[in-house]
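Enquirer: fold the following and give me the result.
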Amino acid sequence: MLCPLLILLAAAPAVTAARYAGTRPNIVLILADDLGYGDLGVYGHPTIRTPNLDRMAREGMQLMQFYSASSLCSPSRAALMTGRLPVRFGMNAVLPPVTNRGLPPSELTLGEALQQAGYITSCIGKWHLGRKRRYLPLNQGFHRFFGLPYSNDMSRKNNPKHPIYRLRVVPPLPLMEGIYVIEQEPDQSQLTRRFTERALRFMRFAVEERKQPFFLYLAHIEPHPPLHPGERFRGRSPRGLYGDVVEELDWSVGEVLAEIRRLGIDEETLVVFTSDNGPWLAKKENGGSPGPFREGKGSTWEGGVRMPCIARWPGHIPAGVKSRAFVTMMDLLPTFAALAGVELPNDRVYDGADVSDVLFENAPGREPRIFLWVRHELRAYRRGPWKLHVITNFPANGTRKTTVQDPPLLFNVETDPGERFNVAAEHPDVVRRMLAEMEEHRAEVVRDRRGKRPGK
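Expert: Numbers count the residues shown, from 1 in each chain. Have a look, this model is predicted:
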């Protein structure tokens, strides 16, 4: 028996999905790395200037309740690529630079789904879903790959005192073209520019030469420390080095949008911008801002999993809308697949849903509901206005120490988005119900992983 969440998601696609199914727009997905909810001007930052993203929000939809599936790099990207909770197929933790693990090839990725619909696909930037050839983008649904196989700090040069780099043979940071390393320890101050140039070149190739719909996954390395702004942006932001790299990221978005307009495909192209997880608060001034939310990267507090997200498609997505609808990173695959006219296989559980009605009709969407795992622990659960924490950690202090909350903590994140006022004692019935649903979900995930599912 499926848990109530899965029944809810199975019923989620609405009339809008059928109306837009098979429209096959070009799709550009731009992903920042460790960008906080509060790091953009349009999301309230007082000093970081992001005119291109601000304009993108004015011309499209700003999602105010967009959730990542994880507050860590590899799991969040695995969820993005598959539409599934990463715990279902063993992608629970950040992959180190020396590992034989990766995103199981049996998982259907965004790239593979869109290839089925005749899209040409490109992954540019950070991958971080496995360094071995079988896990790299060219074997996961992308025709092209130019970027880093893992995070920009994962080399001995950047971590001379870290145990993993002292005890293991860690190669220099590789810049890859396809399956080949073309540079070692590339100048990171040039990478945002180089990634952007590759993105523009790919779009021109798809439109002018191949004349087919394209999927561009542009996954920037910024603003994940170490911070390396380009020369044009260094020292420009009042927010310091961190502001410099975010403003360069905004420049890149502006270049992509300008090229889309130049190619005459503005009304044929859906652009989505978001971040993989919350800001790395332990880096202090070199980390970002969660805005009004608590904590950041590595935690299941709102600041770790509530992300900025902007969607733009002129003529289809209403302009200037701030949507309160609940949307998750895992909804992108079902939504993009529906737009491309791809029927997803029914031999696995999806945790995402087609949210076309939210994007195109500003519908209120479904009830907020998401289970939040860190590694092998189900730590928190949101349902409706309620957020229940059974295990917490406070990564802003740079430690991984966790605390089992007995009794659990309960917050109303609609009236108390900063999760400051524990109201568990006032709502014991809500706590009991949510604990039971967490246990049901945990058991369903165990059955899923033990069963003969492709993601095993």
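Enquirer: going by C-alpha atoms from here, please, whenever you check contacts or count neighbours.
Expert: Fine.
Enquirer: the stretch 251-400 of the chain: helices as residue ranges?
Expert: For the stretch 251-400 of the chain, helices defined by DSSP state H, counting those that start in this stretch occupy the ranges 302-305, 332-340, 356-361.
Enquirer: winner for burial among these?
Expert: Of those, the one with the most neighbours on average (mean count of other C-alpha atoms under 10 Å) is helix 302-305, at a mean of 30.
Enquirer: got the CA positions of it in PDB?
Expert: Presented in PDB, the C-alpha positions along helix 302-305 are these (Å, rounded to 0.1, in the frame of the first residue of the first chain):
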ATOM      1  CA  GLU A 302      14.000  25.700   6.700                       C
ATOM      2  CA  GLY A 303      17.300  27.500   5.900                       C
ATOM      3  CA  GLY A 304      18.800  24.200   4.700                       C
ATOM      4  CA  VAL A 305      16.000  23.200   2.400                       C
END
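Enquirer: quick one: that helix to chain centroid distance?
Expert: Distance of helix 302-305 from the chain centroid (C-alpha atoms, centre = their mean, to the nearest Å) equals 12 Å.
Enquirer: and stretch 224-237, by the same measure?
Expert: 22 Å.
Enquirer: returning to that earlier point: now the helices of the stretch 251-400 of the chain as TSV including mean pLDDT?
Expert: Formatted as TSV, the helices of the stretch 251-400 of the chain follow (pLDDT from 0 to 100):
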stretch	mean pLDDT
helix 302-305	98
helix 332-340	97
helix 356-361	96
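Enquirer: and those as JSON lines, adding distance to Tyr381?
Expert: Output for the helices of the stretch 251-400 of the chain, formatted as JSON lines (distance: least, C-alpha to C-alpha, whole Å):
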{"stretch": "helix 302-305", "distance to Tyr381": "11"}
{"stretch": "helix 332-340", "distance to Tyr381": "21"}
{"stretch": "helix 356-361", "distance to Tyr381": "22"}
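Enquirer: quick one, domains of the protein?
Expert: 4-365, 371-450 (automatic domain parsing).
Enquirer: Met307 pairs with what?
Expert: For Met307, the beta-bridge partners are Phe66 (DSSP bridges).
Enquirer: if I look at it, how far off is Arg210?
Expert: 34 Å (C-alpha to C-alpha, to the nearest Å).
Enquirer: kindly report the same for Lys283.
Expert: Taking C-alpha to C-alpha, one finds Lys283 at 44 Å from Arg210.
Enquirer: which SS class is Phe146?
Expert: strand (DSSP: H, G, I helix; E, B strand; the rest coil).
Enquirer: let me see the contact set for it.
Expert: The contact partners of Phe146, taken as C-alpha atoms under 8 Å, 6 or more residues apart in numbering, are Cys123, Ile124, Gly125, Leu175, Met176, Glu177, Gly178, Phe195, Arg198.
Enquirer: one step back: pick the most buried one from the domains of the chain.
Expert: Mean neighbours per residue, mean count of other C-alpha under 10 Å, is largest over the domains of the chain for domain 4-365, with a mean of 21.
Enquirer: which parts of the stretch 101-250 of the chain are helices?
Expert: Using DSSP H, counting those that start in this stretch, helices in the stretch 101-250 of the chain cover 110-116, 163-167, 191-204, 241-262.
Enquirer: and of those helices, who's closest to Leu53?
Expert: Taking C-alpha to C-alpha, helix 241-262 is the member of the helices of the stretch 101-250 of the chain nearest to Leu53, at 6.1 Å.
Enquirer: what about the stretch 301-450 of the chain, any weak spots by pLDDT?
Expert: 397-399 (pLDDT under 70).
Enquirer: how near is Leu333 to Val169?
Expert: 36 Å.
Enquirer: same check, this time on Ser356
Expert: For Ser356 relative to Val169 (C-alpha to C-alpha), the value is 47 Å.
Enquirer: among the helices of the stretch 251-400 of the chain, which comes closest to Ser74?
Expert: Comparing the helices of the stretch 251-400 of the chain under C-alpha to C-alpha, the one sitting nearest is helix 302-305, at 13.7 Å.
Enquirer: what distance separates the longest strand seen in the chain from the middle of the whole chain?
Expert: Assignment by DSSP state E gives strand 402-412 as the longest strand of the chain. Mean-position distance between strand 402-412 and its chain equals 26 Å (C-alpha atoms, centre = their mean).
Enquirer: and if you look at stretch 365-378?
Expert: 14 Å.
Enquirer: how about stretch 112-126?
Expert: 17 Å.
Enquirer: same question for stretch 344-360.
Expert: With C-alpha atoms, centre = their mean, you get 16 Å for stretch 344-360.
Enquirer: got the CA coordinates for that stretch in PDB?
Expert: C-alpha atoms of stretch 344-360 as PDB (Å, rounded to 0.1, in the frame of the first residue of the first chain):
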ATOM      1  CA  LEU A 344       7.400   8.200 -17.100                       C
ATOM      2  CA  PRO A 345       7.800   4.500 -16.300                       C
ATOM      3  CA  ASN A 346       5.400   3.200 -13.700                       C
ATOM      4  CA  ASP A 347       7.800   0.600 -12.200                       C
ATOM      5  CA  ARG A 348       9.200   3.000  -9.500                       C
ATOM      6  CA  VAL A 349       7.900   5.400  -6.900                       C
ATOM      7  CA  TYR A 350       8.200   9.100  -7.700                       C
ATOM      8  CA  ASP A 351       8.200  11.700  -5.000                       C
ATOM      9  CA  GLY A 352       7.600  14.600  -7.300                       C
ATOM     10  CA  ALA A 353       4.500  15.700  -9.300                       C
ATOM     11  CA  ASP A 354       3.700  17.600 -12.400                       C
ATOM     12  CA  VAL A 355       3.200  21.300 -11.200                       C
ATOM     13  CA  SER A 356       2.100  22.700 -14.600                       C
ATOM     14  CA  ASP A 357      -1.000  24.100 -13.000                       C
ATOM     15  CA  VAL A 358       1.100  26.100 -10.500                       C
ATOM     16  CA  LEU A 359       3.400  27.500 -13.200                       C
ATOM     17  CA  PHE A 360       0.900  28.300 -15.900                       C
END
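Enquirer: ranges for the strands of the chain?
Expert: With DSSP E as the criterion, the chain has strands spanning 26-32, 61-67, 120-126, 144-148, 174-177, 180-184, 214-219, 269-275, 306-312, 321-328, 369-374, 377-383, 386-393, 402-412.
Enquirer: mind putting those into JSON lines with distance to Val430?
Expert: Below are the strands of the chain laid out as JSON lines (distance: least, C-alpha to C-alpha, whole Å):
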{"stretch": "strand 26-32", "distance to Val430": "35"}
{"stretch": "strand 61-67", "distance to Val430": "21"}
{"stretch": "strand 120-126", "distance to Val430": "40"}
{"stretch": "strand 144-148", "distance to Val430": "45"}
{"stretch": "strand 174-177", "distance to Val430": "49"}
{"stretch": "strand 180-184", "distance to Val430": "53"}
{"stretch": "strand 214-219", "distance to Val430": "39"}
{"stretch": "strand 269-275", "distance to Val430": "31"}
{"stretch": "strand 306-312", "distance to Val430": "22"}
{"stretch": "strand 321-328", "distance to Val430": "20"}
{"stretch": "strand 369-374", "distance to Val430": "14"}
{"stretch": "strand 377-383", "distance to Val430": "10"}
{"stretch": "strand 386-393", "distance to Val430": "8"}
{"stretch": "strand 402-412", "distance to Val430": "9"}
